[in-house]
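Undergrad: From the sequence below, what's the structure:
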Amino acid sequence: MTTILLNALSIILVLFLALLLKKIRILHQKDGAITSKMVVYLTLPATILIGVNHTKLSNIFFILMFMGLFSNLLLVFLGKFIGRKTTVEERGLYMFDLSGYNIGNFSIPFVSSFFPAAIPFLAMFDMGNSLMVTGTT
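TA: Next up is the predicted model:
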């Protein structure tokens, strides 16, 4: 438990350091765009590739992929149900905003720091999730 809390604390400290550097004007808006591109195109794929290295494909991975897909579908229909008495635009907003999990940017970096064996499972769930997030919803 201590390891998890220390890893979480280190991630929070990095976030506060970035905020502090922005407040004292060492980092600027354009630096955020560059950092964002580095995370999305370099750091995150590297973390996933290292995490799935030497992983044997099994049925559980396909189950997790379909869970990612169907949990998003469930949330889309929940959004439709919640917005049933609103305008079409608001109902669409409910359906779009309720679905989707931001696993890549939040869960994978955090989990990889204290439980790297979970990365293949998160990556497979995220595959089903990404089918919905990248345009299906």
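Undergrad: quick one, longest helix in this protein?
TA: helix 59-82 (DSSP state H).
Undergrad: which strands and helices sit next to that helix?
TA: Counting contacts by 3 or more CB pairs under 8 Å, 6 or more residues apart in numbering; DSSP states H and E, helix 59-82 packs against helix 88-98, helix 119-131. Where you see a C-beta, it was placed from the backbone N, CA and C, and this is true even at glycine.
Undergrad: Endpoint to endpoint, stretch 97-117 covers what distance?
TA: 30 Å (CA to CA, to the nearest Å).
Undergrad: The longest helix of the chain vs helix 119-131, what angle?
TA: If you take axes from the mean of the first three to the mean of the last three CA atoms, to 10 degrees, helix 59-82 sits at 40 degrees to helix 119-131.
Undergrad: quick one: average pLDDT of helix 59-82?
TA: Averaged across helix 59-82, pLDDT comes to 92.
Undergrad: list the buried ones in it?
TA: 61, 64-65, 68-69, 71-72, 75-76, 79 (16 or more other CB atoms under 10 Å).
Undergrad: Same check on stretch 86-93?
TA: Applying 16+ other CB under 10 Å to stretch 86-93 flags residue 91 as buried.
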